[in-house]
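Student: structure, please.
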Amino acid sequence: MTNPLRPSPLVSHLRRHESLTAGSTELVLAGTTGMCRGVKRALGMVAKAREGLSDGRRVLLLHEIIHNPTVGRWLRAGGIETLDTEADEWWAALSAADTVIIPAFGATVNDERLLRAAGVKVIDTTCPSVRGVWSRVSAYAQAGFTTVLHGRPDHPETRATLSRAIAAGGHYLVVREAADAREVAEVIGGAENGGVVRLGEGVLSPGFESARDLTRIGLVNQTTMLADESREIAAVLGDALIRRYGDRELESRFRTFGTICRATQERQDAIRRLTNRALDLLFVVGGHASSNTRHLAELGGRSVRTYHVEGPQALQSLTALRHQSLGTRTAAIDDIAWLADLPHRVVGFAGGASTPDAEVGETMVRLLLLLGEPCPPVAEAERILAAHG
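Tutor: Sure, this is the predicted structure:
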């Protein structure tokens, strides 16, 4: 299988020149796009671990190293397996002869304990930004504050972070979006009358009691969430506490610390700048399970027709574009044949923080081929790969 981490001549060109015209199509790239430093660091550590496969040692991933299916397939083709941590006693078959890689999202306190007990060699690729969130929630718990986390309750990063709150003796609550925060705000206003948070499964720590655990709260974010939504959530919760306890009490009852990682913020800012220009269409390339990629698509979709695609394979034809719906987050097929009817078209591209440059470049080339445009010389290598890969 071709290495998806190879450089992309086309993306490299666009990073230097911002846009490129092929026939009647202008390609424009977001100013900051593709793999972040933390992802590159994690994959570099995995690549080094692969060198040990020749001595008979198994190399296993605790979870997906990143949320990118192309990279996942490439790693499996190279002999690296992913543990099924949802299975009962998944650790039982591990031995000191194994190497286990903790992904960039991190691992729960309990999973780390089980790995130590199994005696495996551990390679920890946890992103430093994630560790910063862990420090924050531990400090909240030690100070008697309940952690409110803006994120996806089923995400490995969220689970790892919440385990730190529990380990430090605290409680937690997860809000997925601003609407959830508004429900929590209503409960804060009536907690003394028995208000109960009802946000679904997996969002409350064991033994959570609204009347007790919503009197002092500390807010953090999964590092890949939408920054403006996190700010809205902070405002909603802060206002609720003011209404309940008064202005003077806010400092002693509410703490907030923006934990959106720098790479996520830079990519969100780049999407905003890209959509300030006139685009006919925007492709955001990356895994459908990737939070940061999905949020880039949501941002783009506020001002231009935007498709979240996993790579060139999404472009079956101009009448069969496979993508993830921005509203429902389900698989969808769309028709973009209208694009070919435009006398001149401007198409924007961006990649999530876990998206290889090659995947973005091949998606561009695939679109040009479907439009019948001449592929520019800089894309020749990718054109061949797209045609034969």
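Student: residue 71 and residue 77, how far apart?
Tutor: Using CB to CB, to the nearest Å, one gets 11 Å for the distance from residue 71 to residue 77. Just so you know, the C-beta spots here come from the backbone N, C-alpha and C atoms, and that holds for glycine as well.
Student: comparing the two, which residue is more hemmed in?
Tutor: Each of residue 71 and residue 77 has its neighbours counted (other CB atoms under 10 Å); residue 71 has more, 24 against 11.
Student: find the nearest non-adjacent residue to the more buried one, please.
Tutor: Using CB to CB, 6 or more residues apart in numbering and skipping the chain neighbours, the partner closest in space to residue 71 is residue 4 (5.7 Å).
Student: in three-state terms, label that neighbour for me.
Tutor: The three-state label given to residue 4 by DSSP: H, G, I helix; E, B strand; the rest coil is coil.
Student: so what's the backbone phi/psi at it?
Tutor: When read as degrees, to the nearest 10, the backbone of residue 4 gives phi -70, psi -10.
Student: next one: residue 327
Tutor: Dihedral angles (degrees, to the nearest 10) for residue 327: phi -80, psi -50.
Student: what sits against it?
Tutor: Not one residue lies near residue 327 by CB atoms under 8 Å, 6 or more residues apart in numbering.
Student: if we can go back for a sec, wait, doesn't the residue nearest to residue 71 sit right on residue 357?
Tutor: No: when contacts are counted by CB atoms under 8 Å, residue 4 is not listed as touching residue 357 (9.1 Å).
Student: assumed residue 148 was part of a helix.
Tutor: No: secondary structure of residue 148 (three-state DSSP): strand, not part of a helix.
Student: ok, it touching residue 184?
Tutor: Yes: between residue 148 and residue 184 a contact is recorded at 7.3 Å, counting by CB under 8 Å.
Student: between those two, who's got more neighbours?
Tutor: residue 148 (28 against 23).
Student: against residue 308, how distant is that one?
Tutor: Residue 148 is 28 Å from residue 308, by CB to CB.
Student: ditto for residue 235
Tutor: Taking CB to CB, one finds residue 235 at 28 Å from residue 308.
Student: so between the two, which is more surrounded?
Tutor: The residue with more neighbours, out of residue 235 and residue 308, is residue 308; 28 against 13, by other CB under 10 Å.
Student: okay, how far is it across stretch 211-225, tip to tip?
Tutor: 28 Å (CA to CA, to the nearest Å).
Student: list the buried ones in that stretch?
Tutor: Across stretch 211-225, burial judged by 16 or more other CB atoms under 10 Å covers 213-225.
Student: stretch 83-90 too?
Tutor: Under the neighbour-count criterion of 16+ other CB under 10 Å, stretch 83-90 has residue 83 buried.
Student: also stretch 259-278?
Tutor: 259-261, 263-264, 267-268, 270-271, 274-275.
Student: dump the C-alpha coordinates for that stretch into PDB.
Tutor: Only the C-alpha atoms of stretch 259-278 are listed here, as PDB (Å, rounded to 0.1, in the frame of the first residue of the first chain):
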ATOM      1  CA  THR A 259      -8.200  24.400  25.900                       C
ATOM      2  CA  ILE A 260      -8.700  24.400  22.200                       C
ATOM      3  CA  CYS A 261      -5.300  23.500  20.900                       C
ATOM      4  CA  ARG A 262      -3.300  26.000  18.800                       C
ATOM      5  CA  ALA A 263      -3.300  23.800  15.700                       C
ATOM      6  CA  THR A 264      -7.100  23.500  15.800                       C
ATOM      7  CA  GLN A 265      -7.500  27.300  16.300                       C
ATOM      8  CA  GLU A 266      -5.100  28.000  13.400                       C
ATOM      9  CA  ARG A 267      -7.100  25.700  11.100                       C
ATOM     10  CA  GLN A 268     -10.400  27.200  12.100                       C
ATOM     11  CA  ASP A 269      -9.000  30.700  11.500                       C
ATOM     12  CA  ALA A 270      -7.700  29.600   8.100                       C
ATOM     13  CA  ILE A 271     -11.200  28.300   7.000                       C
ATOM     14  CA  ARG A 272     -12.700  31.700   8.000                       C
ATOM     15  CA  ARG A 273     -10.200  33.500   5.900                       C
ATOM     16  CA  LEU A 274     -10.600  31.100   2.900                       C
ATOM     17  CA  THR A 275     -14.400  31.500   2.900                       C
ATOM     18  CA  ASN A 276     -14.100  35.300   2.900                       C
ATOM     19  CA  ARG A 277     -13.300  35.000  -0.800                       C
ATOM     20  CA  ALA A 278     -15.800  34.000  -3.500                       C
END
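Student: from residue 216, how far off is residue 147?
Tutor: According to CB to CB, residue 147 and residue 216 sit 11 Å apart.
Student: one more: residue 31?
Tutor: In terms of CB to CB, residue 31 sits 41 Å off from residue 216.
Student: kindly report the same for residue 65.
Tutor: Distance from residue 65 to residue 216, by CB to CB: 37 Å.
Student: and the residue lying closest to residue 82 once chain neighbours are set aside, what does it touch?
Tutor: Counting by CB to CB, 6+ apart, residue 82 lies nearest to residue 61, which is 4.4 Å off, once chain neighbours are set aside. Residues near residue 61 by CB under 8 Å, 6+ apart: 46, 75, 80-83, 100-101, 103.
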